[in-house]
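1. just a sequence and a predicted model for now, questions to come.
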Amino acid sequence: MYSKYYKILGLNENASLQEVKSAYRKLAMKYHPDRNSEPGATEKFKEIKHAYEVITNKVNPDTNSYSQQGFDSDSYTTSDYDFRGGFDDIFKTFFSTESTHESKYRDSVYKITITLDQAFWGCEYVANVSLWQLCPTCDGRKYQHVSGKSVCYLCNGTGYLKKLNSFFSIKRVCTRCAGKGYVVIDSCAKCTGQGKVQVANTITLTIPKGIVSGTRILLKDKKELVDPDERIFVAVYFEVHLSYGKGFTLDKRNNLHYRFKVKLVAALLGIETVVTIFKEPVTLKVPACTKDNDIVIINGKGYYCNNSAVRSDLYVHIVYIYPKVLTLKQEQALRALRELF
C-alpha cells in the first residue's frame, strides 16, 4: 500500500523515518517552485510532498490532497517544516548582504569653525573634545566583579537561540543577552554599565592653507570606542567649516566675493581706494558712473584654487549707500545738479 510512496522518494519500505526525511528534504529542495522553474517541477513537488505526508501518517493515503486543494508556494507549510521559511533563514544565514560589525558603525566626525583668514594662511587649531574609551575600571565588561554577571536563562549561556524543524537547526543571536551568554546584574559604578567612559582630549590640529569648507582631517593617533562588547573603535575626523566674515563669500571655484559699500556720489565720480584682503592691502579702482551691483574684478587676489598655490580672482560687488536724510545744502546741490541732467 505504501510502496509507491516510498518509490516516489526513491526508497524501499524498510527505510527509517530519518531516511524518509532526508530523502524528502533533498527532493523537495530540488523541485521546489521557488528554486526550479522547469516544466513539471511544481507537479513533481506536489507528488513528493504528498508521498512524504502519507508515509509519516500526516494524511490519508487515498486522499490526493494536493490535486484537490491546489498549490500555493507562499502558503505551503507542514507541521514539521516550513519549507519557504527554512529557505529564507538559510539564505539569510549563508548569503546575507548585511554589513559586518565594523561597517555598521560610522566614523566619529567633530565639526570645527575657523575664520577665512585662518583658512587662507593656515593655522594651528586647538580643539577640546571628549572621546569614548573603554572603562578603565571594568575594561568594557560593564561589571566590576565576577558576581556582577549572571548566566542568561533564555539561551542557557550559549548566546544563541535555536530554531528547530524537521531538517534544520538554525541558530540566532539571543535577544536577551545579545550573544554574550550572560546578563549584567551589578553594573560597574564607574561607567554605570555602559562599558565606556568619555575621556577629555586637547588636540592641536594643523590646518593647511587654502583649506576648503567641509574638508575632513583624520586624527591619526586617536580612535573612538563605539562598541565595548566587540571592542570596536572607529576613526576620528575633524570637519572644518569656514566663517567668512561680513561681506565675504566663496563660490564653487573658490573665487572670493566681497560686497564693497560706496556712496552714490563717489560711485558716479569714480574712486580709487585701498581695501584689506587677507590682511594685505589691495588697490580698488571704481570707474566713474559705476552702477549699483556692478562687479569689479581683480585678478589673482582671491582665495587659493583647490589647495594649490594659485590664487583665484577677487569679485568686488559695488553696493550703493543712499543717505537717509538730506541736509539743506545737499538738497540745494542736488536740485542744481538736476538742472544739468
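-> Nice, I can see it.
2. from here on, contacts and neighbour counts on C-alpha atoms
-> Noted.
3. any weak-confidence spans in this structure?
-> Scanning the chain with the threshold set as pLDDT under 70 gives 1, 57-103, 165-168, 306-307.
4. what residue is smack in the middle of it?
-> residue 106 (6.0 Å; Cα atoms, centre = their mean).
5. could you measure from that one over to residue 226?
-> In this view, residue 106 and residue 226 are 9 Å apart by Cα to Cα, to the nearest Å.
6. between these two, what contacts are shared?
-> residue 234 (Cα atoms under 8 Å, 6 or more residues apart in numbering).
7. just to be sure, the residue nearest to the centre of the chain is in a helix?
-> No - with DSSP: H, G, I helix; E, B strand; the rest coil as the criterion, residue 106 is assigned coil and is not in a helix.
8. state the distance from the residue lying closest to it once chain neighbours are set aside to residue 220.
-> The shortest distance from residue 106 to any non-neighbouring residue, by Cα to Cα, 6 or more residues apart in numbering, is to residue 234 (7.1 Å). Distance, residue 234 to residue 220, by Cα to Cα: 11 Å.
9. those two: who's more crowded?
-> Neighbours were counted for residue 234 and for residue 220 using other Cα atoms under 10 Å; residue 234 has more, 17 against 9.
10. identify the residues contacting residue 263.
-> By Cα under 8 Å, 6+ apart, the contact set of residue 263 is 320-322.
11. how near is residue 8 to residue 15?
-> Distance, residue 8 to residue 15, using Cα to Cα: 13 Å.
12. look at those two and report which has more neighbours.
-> Neighbours per residue, other Cα under 10 Å: of residue 8 and residue 15, the larger number sits with residue 8, 19 against 12.
13. wait, that one touches residue 46, no?
-> No - using Cα atoms under 8 Å, residue 8 is not in contact with residue 46; the gap is 11.1 Å.
14. let me see the ranges of the strands in the stretch 1-150 of the chain.
-> Taking DSSP state E, counting those that start in this stretch as the criterion, the stretch 1-150 of the chain carries its strands at 108-115, 123-134, 149-151.
15. wait, which of those strands is closest to residue 3?
-> Among these, strand 149-151 comes nearest to residue 3, with 50.9 Å by Cα to Cα.
16. and the closest one, how far from the chain's centre?
-> On the basis of Cα atoms, centre = their mean, to the nearest Å, strand 149-151 sits 34 Å off its chain's mean C-alpha point.
17. so what touches the helix or strand that that strand is followed by?
-> Where DSSP states H and E defines the elements, the next helix or strand beyond strand 149-151 is strand 160-164. Residues outside strand 160-164 that contact it (Cα under 8 Å, 6+ apart): 154-155, 169-174, 179, 181.
18. kindly recompute the last result at 7 Å.
-> Contact with strand 160-164 is made by 155, 169-174, 179, as judged by Cα atoms under 7 Å, 6 or more residues apart in numbering.
19. domain assignment for the chain?
-> 3-94, 146-185, 248-338 (automatic domain parsing).
20. for these, give me a markdown table that also has distance to residue 128.
-> Output for the domains of the chain, formatted as a markdown table (distance: least, Cα to Cα, whole Å):
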| stretch | distance to residue 128 |
| --- | --- |
| domain 3-94 | 44 |
| domain 146-185 | 33 |
| domain 248-338 | 26 |
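21. can you give me the helices in the chain?
-> Secondary structure of the chain, counting by DSSP state H: helices at 3-8, 17-31, 41-55, 65-69, 83-94, 116-121, 264-269, 328-338.
22. and residue 56, what does it touch?
-> Going by Cα under 7 Å, 6+ apart, the list of residues near residue 56 is empty.
23. same question, residue 155
-> 161, 174, 181.
24. make a markdown table from those residues and add distance to residue 133 and neighbour count to it.
-> Below are the contacts of residue 155 laid out as a markdown table (distance: Cα to Cα, whole Å; neighbours: other Cα atoms under 10 Å):
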| residue | distance to residue 133 | neighbour count |
| --- | --- | --- |
| 161 | 31 | 18 |
| 174 | 26 | 20 |
| 181 | 24 | 21 |
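25. any chance of those residues in JSON lines, with distance to residue 264 too?
-> Shown next, in JSON lines, are these (distance: Cα to Cα, whole Å):
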{"residue": "161", "distance to residue 264": "81"}
{"residue": "174", "distance to residue 264": "77"}
{"residue": "181", "distance to residue 264": "80"}
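26. closest to residue 111 out of those residues?
-> residue 174 (37.7 Å).
27. tell me the contacts of residue 157?
-> Shown in contact with residue 157 (Cα under 7 Å, 6+ apart): 151, 181-182.
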